[in-house]
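Visitor: Build the 3D model from these lines:
(one chain, ligands or ions: 1)
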Amino acid sequence: MLVCRSDFVKKVGYVMSIAERFKDGEDPSTFKELLSFKGMGPKIASLIQACLGQIPDRFAVDTHVKRCSKRWGLTEETNVNRISRDLEKIFDKSEWAKRHFQIVAWAKVHCKARGHVSCEICDLTRIKESKES
Ligand SMILES: [Zn+2]
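Guide: Numbers count the residues shown, from 1 in each chain. Predicted coordinates:
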């Protein structure tokens, strides 16, 4: 992925301002507080909550989760916010962080964006689809 230098500099500035605000060791307490940071979106806010051992307020959707969710028939949406909503209906909230990381790990090894023919989950999805039609 090509990242523009100005985007990189902008992101570093966001990270530095967040680090400055929490340098005294106090963790952000709420999703809303995390979203108040410039440059912070729902995906990163949810992942930070997960890394802090909190139950995230949203199902984090990155490029891997987006791709696999569509391939596996978990959503028909293309918008990450709508995909997040669909996944939130499927999985128990207490499992959102775990499921996010499991999907990402599976996607990176077995259900890659390029050169993907099939994986065990894609195969299961196709079997389910053929039985339904
Ligand atoms: Zn696959």
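Visitor: which parts of this protein sit against the ion?
Guide: Neighbours of the ion within the chain, by Cβ under 5 Å from the ion: 111, 119, 122. Heads up, the C-betas are built off the backbone N, CA and C, glycines and all.
Visitor: which among those gets closest to Phe37?
Guide: Cys111 (31.7 Å; Cβ to Cβ).
Visitor: What is the neighbour count of that closest one?
Guide: Neighbours of Cys111 under the rule other Cβ atoms under 10 Å: 19.
Visitor: Kindly reformat the residues of the chain next to the ion as JSON lines containing pLDDT.
Guide: Shown next, in JSON lines, are the residues of the chain next to the ion (pLDDT from 0 to 100):
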{"residue": "Cys111", "pLDDT": "97"}
{"residue": "Cys119", "pLDDT": "94"}
{"residue": "Cys122", "pLDDT": "94"}
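Visitor: any chance of those residues in CSV, plus secondary structure?
Guide: Formatted as CSV, the residues of the chain next to the ion follow (DSSP: H, G, I helix; E, B strand; the rest coil):
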residue, secondary structure
Cys111, coil
Cys119, coil
Cys122, helix
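Visitor: Show me the contact partners of the longest helix along the chain.
Guide: Secondary structure of the chain read by DSSP state H shows that its longest helix is helix 5-21. The contact list for helix 5-21 (Cβ atoms under 8 Å, 6 or more residues apart in numbering) reads 37-40.
Visitor: out of those, which one sits closest to Leu47?
Guide: Met40 (10.5 Å).
Visitor: Surely that closest one is in contact with Lys32?
Guide: No - with contacts counted by Cβ atoms under 8 Å, Met40 stays clear of Lys32, the gap being 10.9 Å.
Visitor: More neighbours: which of the two?
Guide: Neighbours per residue (other Cβ under 10 Å) separate Met40 from Lys32, with Met40 holding more: 17 against 10.
Visitor: which residues sit in contact with the residue lying closest to that one once chain neighbours are set aside?
Guide: In space, and not counting its chain neighbours, Met40 is closest to Leu34: 5.7 Å by Cβ to Cβ, 6 or more residues apart in numbering. Contact partners of Leu34, counting by Cβ under 8 Å, 6+ apart, are 28, 40, 44-45, 48-49.
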